[in-house]
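S.K.: okay, here's the prediction I keep looking at, along with the sequence it came from:
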Amino acid sequence: MDLQDCKKLREHYVELVRNLIPEDLTDYLFQYHILSEEDCEKIRSGPTRAQRVRIFLGILPKKNSTSMEKLIEAMKHAGYTELAAMLEAPLESEDVVVSPTSQSPPESPCVDDPHLISLKERLEQQSEVVSSMQAEMEMLQEELKRQSQTFETNAKYKQTVTVLGELEKEKAERQKVYDEVYETLLKDINKLEEDRTYSRTSSVKNSAAVRTPSFTLSGGIRHYAKIKCVLIGDGGTGKTSIIHYFMHRRRNESYIPTIFDNRSVEVMHGNTLTTVNFWDTAGQDAYDKLRPLSYSDAHVALLVFSVTSQTTLNNVMAKWHPEFRHYCRKVPFLLVGNKTDPMQDQKKLHEMRKKGERFVEAKEGDKAAEMLRAAKKKAFLCSAHDGKGIQALLDALVAIGLKNMHKSHKSQTCACM
C-alpha cells in the first residue's frame, strides 16, 4: 500500500474503528490473496471489535499496492458504502505559502531528518490510539449500562423467587384445608348413597310431611318424583342466588363463595310432586378435583354464565361444557344467562361502555346454546335479583329432569371419577 493510501487510513482511522466489523471483510480479502490465513487468525484473536479493527488496519499498510482498491471493493460488497466513498475521495492538498520577497525557490522543510519523521509518525500513531481508545471507552460505557440493567433484572428475579416461595407456602396451607374438606365431603356423599337405598314407597309415605311446595302448578298430586340438578359455572355468576330464589321467592342479600352445597325444593309439575335436589358447585380452579363428585346421578344440569361478562360465557364453552360432558355424557342441560337486571340500568350501561365492555345479547346466548346442543336449543335469561325468568327456568329444568329420569329408569346417568 502506497503512502497516499496509508494517509487515507490514518485520516479516517477513528471512523473506521467506530463503524467497521473486520469479519465482514476478511473473507473477501482472503479470497483475493490480500490477507493470509495467518492474518485472519491474528485479526480474530482480538478480544473486542475495536481491537480487531486496529489489528486489521495495522496489517493492511504492509500489503501490496492493490490492497486499498480491494478494501474498497470489499466494503461495497459488505454494505459499507459510505466508508468506501470516504476512502475513494482524494485527500485535500496542502497549500504552500510562497514568500513574496523571496526570488529563489523556498527551502523545503526538514522532512529528510529521520528523527523528525520518526517523531511525526509516533505522534500520528499516538493520536490514532487515543481516538480508538475513546471509541472503545464509549462502547464500554454502553456495556456498563447494559450490565446495570441486568443487575436490576437479577434483583427483580430474586424478589420474584421470594414471592413464589411465599405463594408455595400459602398453597400448601390451602391444600391442607382442601384435603380436610374433601374427606368431609366424601363422608357426606357416602351417607347420601345410603339414603338412596330407601324405597319409593317409604318416600311417598313421608311425602305428607314435606313442606308446602315453593312453586305450585294446577292439578292434584298423583305421583311423587325426585330429581337431581347440578349448577355449574364461574364463581360469581349467581348460581347460589338462583337456588335461593327457587326456595324463597326473593333475592339473596349476601354473597358467600360456595365450596359445596345441597338444597331441595318441591315443585308441582302436572300431577307429579317433584323434589328437586340442587347441587351447588364451586367455580374456582382449586376445586377442580372435588367438583366432579357432585355430578354423580344427575338428571339435569344448569350451565350458568353472567350476561354482564362475556368471559363467563366463553368459559362455559371452553371449560364447563367439556368438563360436564366428560363425566356426564348423556345428561341434558340448560344454558342459563343470569344477572339480566343491570341491562335496564343506564348507569351500569355507561360504566361498562367506559370500560369497553358490553352485555351478552340474547341472540349470542341462543347461538351458544345451539352450538353446545343444550336442551330447548336456547339460552334461558333470568335475574336472581328481581326474579325475572326464574319461573320459566324452573319449569323447564323440572320437565327435562323428569323426562330423563323416566327415560333412564333410575339407572346411573353420570359416571363419577
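M.R.: Thanks, I have the structure now. Predicted, not measured: the structure shown is a model, and the values here were computed from it.

S.K.: all contacts plus neighbour counts: C-alpha atoms, from now on.
M.R.: Noted.

S.K.: who are the contact partners of N19?
M.R.: With Cα atoms under 8 Å, 6 or more residues apart in numbering as the criterion, no residue contacts N19.

S.K.: please renumber so the chain begins at 53
M.R.: I'll keep to 53 as the first residue from here, and by that count the last item is N71.

S.K.: and the strands in the chain?
M.R.: For the chain, the strands defined by DSSP state E occupy 275-285, 312-321, 324-333, 352-358, 385-390, 431-433.

S.K.: quick one: the shortest one to chain centroid distance?
M.R.: Centroid displacement of strand 431-433 relative to its chain, using Cα atoms, centre = their mean, to the nearest Å, is 31 Å.

S.K.: strand partners of it, parallel vs antiparallel please.
M.R.: Strand pairing for strand 431-433, using DSSP bridges, gives strand 385-390 (parallel).

S.K.: before we move on, what about the third one?
M.R.: Strands that pair with strand 324-333, judged by DSSP bridges, come out as strand 275-285 (parallel), strand 312-321 (antiparallel).

S.K.: and those strands, which is most packed in?
M.R.: For the strands paired with strand 324-333, the largest average neighbour count (mean count of other Cα atoms under 10 Å) is found in strand 275-285, namely a mean of 22.

S.K.: quick one, it and strand 352-358 angle?
M.R.: Relative orientation of strand 275-285 versus strand 352-358 (axes from the mean of the first three to the mean of the last three Cα atoms, to 10 degrees): 30 degrees.

S.K.: neighbours of the residue lying closest to E188 once chain neighbours are set aside, just the number please.
M.R.: What sits nearest to E188 in space, not counting adjacent residues and going by Cα to Cα, 6 or more residues apart in numbering, is A102, at 6.3 Å. Neighbour count for A102, taken as other Cα atoms under 10 Å: 22.

S.K.: could you do the one 3 residues further on as well?
M.R.: Residues near V105, counting by other Cα under 10 Å, number 24.

S.K.: with E125 instead?
M.R.: 18.

S.K.: related to what we said a few turns ago, closest to A141 out of the strands of the chain?
M.R.: A141 lies closest to strand 352-358 among these, at 74.9 Å (Cα to Cα).

S.K.: before we move on, back to that, so how far is F108 from the residue nearest to E188?
M.R.: Noted for A102: a distance of 10 Å to F108, by Cα to Cα, to the nearest Å.

S.K.: a markdown table for the strands paired with strand 324-333, including mean pLDDT?
M.R.: Shown next, in a markdown table, are the strands paired with strand 324-333 (pLDDT from 0 to 100):
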| stretch | mean pLDDT |
| --- | --- |
| strand 275-285 | 89 |
| strand 312-321 | 80 |
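
S.K.: which one, of those strands, ends up nearest to E409?
M.R.: Evaluated over the strands paired with strand 324-333, closeness to E409 peaks at strand 275-285, with 20.1 Å, by Cα to Cα.

S.K.: what about the closest residue in space to I452 that isn't next to it in sequence, neighbour count?
M.R.: The shortest distance from I452 to any non-neighbouring residue, by Cα to Cα, 6+ apart, is to V352 (6.9 Å). Burial measure for V352: 29 neighbouring residues, criterion other Cα under 10 Å.

S.K.: what residues does V352 make contact with?
M.R.: By Cα under 8 Å, 6+ apart, the neighbours of V352 are 279-282, 383-386, 449, 452-453, 456.

S.K.: I'm done for today, thanks for sticking with me.
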